[in-house]
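Asker: Dropping a prediction and its sequence here:
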Protein chains: 2
Amino acid sequence: MTRDATRTLARSKARSEATSARIIAAARTLFVAKNYADVTTDMIAGAAGVTKGGLYHHFPSKEQLYISMILDDLDRKRRLFEQAVAAQGNCRDRLAKLTRDFLEQPDEERKLARLVRRDINIFTGEERDRLVRAYQLALPEQIEAIIREGIEDGELAPGDPRILSWSFVALVEVVIGRYANHVLGSTEARLDHVLELFFDGAGAKPTGGTE
Amino acid sequence: MTRDATRTLARSKARSEATSARIIAAARTLFVAKNYADVTTDMIAGAAGVTKGGLYHHFPSKEQLYISMILDDLDRKRRLFEQAVAAQGNCRDRLAKLTRDFLEQPDEERKLARLVRRDINIFTGEERDRLVRAYQLALPEQIEAIIREGIEDGELAPGDPRILSWSFVALVEVVIGRYANHVLGSTEARLDHVLELFFDGAGAKPTGGTE
DNA sequence: GATACGACAGACCGGTCAGTCGGTAGGTAA
DNA sequence: TTACCTACCGACTGACCGGTCTGTCGTATC
């Protein structure tokens, strides 16, 4: 094979990958806006600037396209989280930083986890389990690592790190990320509230009625 | 109109209402198990012991049937919550009781809120907004009332009752109700953890590093 | 310039499903 | 007996959608 041939093949491959990426991006936008059943392959193809035939040239089925989109996103999320876990500092600051990084992602990507929960039932068997685990457990497991260290360092009271990590995720997800957008103040203010509640509780502090 | 005629009409009406109720019950079971798009009107009709024609005799469309099912459920939930809000006792006990009552509902009914979040996008415009408000806000608003009283009585530290009610809902929903079933201990134990965390926080208590 | 190949187009097919419509059964009214 | 009403049946339709298949076109090799 000559050098020119190699270059041509590389160009063709690059073009093909660019189209795949465009299709995945179009799929992500549409799936987030609507849902699996309401998004047709024609719509995705149209938004990506190809036809249905072109789409099926790159992906064997609508379902596999969906999975490819998810795996693509998971990869980026994992990198984000690994970075945060490896960071220095005390437990509270690291949790705050991780949460801030998470919230600074583009809206569309933040919504993907919700998307997966919503549409997960189109899959069955082990494929489904794999996706559920990958998405649901990615965040809590990373947080659990931070919290475990917080307990070891005495920054947190001894307790089950699993319960604590789930609790923290719950607070972040619901109070900051999901419902409360239309009800409460800024994201930063809500993050402060959540950290306050998580570390210090809501009980009246002056009277100090512990137990 | 004779007395017999009246009785006959009443009997006919009762029969009709029983069929409607059967259809709604069948729809609930199926919609919870699958989702809106994957449940066909034939399946619902079959499960309710009527044909599709019969179903369309009682409901003008699949969408309206779905809405009827939701309104039917909301009605029962509202009664449950009103009861809890009106109860006596301190803040912590009332929240515990309300949560326990909520969790004691049949599994199928507890899953309805999730269902609505999952399928909400089939609706548009004001119908959608109405449903979102009705479902998302029902729980926090009732809890907010209890928390507000807790703050007034000094059982809780002064703070924004809205943030606190959303936080409590978050903890209950995620730690107890949703994700953690396969990971953590019994419902009762998890409820204790949540109450503990909510009222006392996760910070190390011996060293007491508040501020 | 003949051959080959990969990317993509777009018409088409098979199946599915919400909704319709003409009917029937069984009771009531005149 | 006729006319009517309500609940319900079930065959049917029309639209839509996932997936296929037969090209076409640009590029590259020989």
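Answerer: Now that the structure is in, tell me what you want to look at.
Asker: in chain A, what secondary structure element scores lowest on mean pLDDT?
Answerer: Evaluated with mean pLDDT, DSSP states H and E, the helix-and-strand set of chain A has its lowest mean pLDDT in helix A:3-33, which scores a mean of 76.
Asker: can the helix or strand that comes right after that one be found next to chain B?
Answerer: Proceeding C-terminally, helix A:3-33 gives way to helix A:41-48 as the next helix or strand, assigned by DSSP states H and E. No: under the criterion of Cβ under 8 Å from any Cβ of the partner chain, helix A:41-48 makes no contact with chain B; the nearest approach is 14.5 Å. C-beta here means a position set from N, CA and C on the backbone, and glycine is covered the same way.
Asker: so what does helix A:41-48 touch, helix or strand wise?
Answerer: Contact here means 3 or more Cβ pairs under 8 Å, 6 or more residues apart in numbering or on different chains; DSSP states H and E; on that basis helix A:41-48 packs against helix A:3-33, helix A:52-58, helix A:62-85.
Asker: Can you lay out these as CSV showing mean neighbour count and distance to chain B?
Answerer: Formatted as CSV, the entries for the helices and strands packed on helix A:41-48 read as follows, by neighbours: other Cβ atoms under 10 Å in any protein chain shown; distance: least, Cβ to the nearest Cβ, whole Å:
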stretch, mean neighbour count, distance to chain B
helix A:3-33, 14, 8
helix A:52-58, 15, 20
helix A:62-85, 16, 13
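Asker: I'd like the ones you listed as a markdown table, with distance to A:Thr41 appended.
Answerer: Rendered in a markdown table, the data for those read as follows (distance: least, Cβ to Cβ, whole Å):
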| stretch | distance to A:Thr41 |
| --- | --- |
| helix A:3-33 | 9 |
| helix A:52-58 | 5 |
| helix A:62-85 | 5 |
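Asker: Buried residues, the helix or strand harbouring A:Glu109. List them.
Answerer: With the criterion set as DSSP H and E, the secondary-structure element containing A:Glu109 is helix A:107-110. Applying a neighbour-count criterion of 16 or more other Cβ atoms under 10 Å in any protein chain shown, the buried positions in helix A:107-110 are A:Arg110.
Asker: what is the orientation angle of whatever helix or strand comes next after that helix with helix B:112-119?
Answerer: Toward the C-terminus, helix A:107-110 is succeeded by helix A:112-119 as the next helix or strand (DSSP H and E). Computed with axes from the mean of the first three to the mean of the last three Cα atoms, to 10 degrees, the direction of helix A:112-119 lies at 110 degrees from that of helix B:112-119.
Asker: Dump helix A:112-119 to PDB, restricted to CA.
Answerer: What follows is helix A:112-119, C-alpha atoms only, in PDB (Å, rounded to 0.1, in the frame of the first residue of the first chain):
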ATOM      1  CA  LEU A 112     -28.700  12.100  29.900                       C
ATOM      2  CA  ALA A 113     -28.800  10.300  33.100                       C
ATOM      3  CA  ARG A 114     -32.400  11.100  33.400                       C
ATOM      4  CA  LEU A 115     -32.900  10.000  29.900                       C
ATOM      5  CA  VAL A 116     -31.400   6.600  30.500                       C
ATOM      6  CA  ARG A 117     -33.700   6.100  33.500                       C
ATOM      7  CA  ARG A 118     -36.600   7.100  31.400                       C
ATOM      8  CA  ASP A 119     -35.900   4.900  28.500                       C
END
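Asker: Could you list the buried residues of stretch A:141-152?
Answerer: Applying a neighbour-count criterion of 16+ other Cβ under 10 Å, the buried positions in stretch A:141-152 are A:142-151.
Asker: Point out the ones among the residues you listed that are inside helices.
Answerer: With helices defined by DSSP state H, the entries of the buried residues of stretch A:141-152 inside them are A:142-151.
Asker: wait, which of the residues you listed is closest to DNA strand D?
Answerer: Comparing those against DNA strand D with Cβ to the nearest atom of the strand places A:Gln142 closest, at 33.8 Å.
Asker: contacting residues around the closest one?
Answerer: Under the criterion of Cβ atoms under 8 Å, 6 or more residues apart in numbering or on different chains, the neighbours of A:Gln142 are A:81-82, A:84-85, A:98.
Asker: can we see that at 10 Å?
Answerer: Applying Cβ atoms under 10 Å, 6 or more residues apart in numbering or on different chains to A:Gln142 gives the contacts A:77-78, A:80-82, A:84-85, A:98, A:165, A:169.
Asker: A:Ala25 now?
Answerer: A:44, A:47-48, A:69, A:72, A:108.
Asker: Tell me which two of those sit farthest apart.
Answerer: Across the contacts of A:Ala25, the longest distance by Cβ to Cβ is 16.3 Å; it joins A:Ala47 and A:Asp72.
Asker: Give me the nearest residue to the closest residue to chain B within chain A, chain neighbours excluded.
Answerer: Of the residues in chain A, the one nearest chain B is A:Gly201, at a distance of 2.9 Å by Cβ to the nearest Cβ. If the residues on either side of it in the chain are set aside, A:Gly201 comes closest to B:Gly201, at 2.9 Å by Cβ to Cβ, 6 or more residues apart in numbering or on different chains.
Asker: just A:Leu98 next, same as before
Answerer: Distances taken as Cβ to Cβ, 6+ apart place A:Ala84 nearest to A:Leu98, at 3.9 Å, with adjacent residues excluded.
Asker: residue contacts, the one you found?
Answerer: Contacts for A:Ala84 (Cβ under 10 Å, 6+ apart) come out as A:94-95, A:97-102, A:142-143, A:145-146.
Asker: Could you export these as CSV, including pLDDT and distance to B:Tyr56?
Answerer: Shown next, in CSV, are those (pLDDT from 0 to 100; distance: Cβ to Cβ, whole Å):
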residue, pLDDT, distance to B:Tyr56
A:Arg94, 89, 58
A:Leu95, 90, 53
A:Lys97, 86, 56
A:Leu98, 85, 52
A:Thr99, 86, 49
A:Arg100, 86, 52
A:Asp101, 83, 51
A:Phe102, 82, 47
A:Gln142, 81, 51
A:Ile143, 87, 50
A:Ala145, 88, 55
A:Ile146, 90, 55
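Asker: and which of those residues is nearest to B:Asn35?
Answerer: Relative to B:Asn35, and with distances defined as Cβ to Cβ, the nearest of the contacts of A:Ala84 is A:Phe102, at 27.4 Å.
Asker: Spit out the contact partners of the closest one.
Answerer: If you count contacts by Cβ under 10 Å, 6+ apart, A:Phe102 has them with A:77, A:80-81, A:84, A:109-110, A:139, A:172-173, A:176-177.
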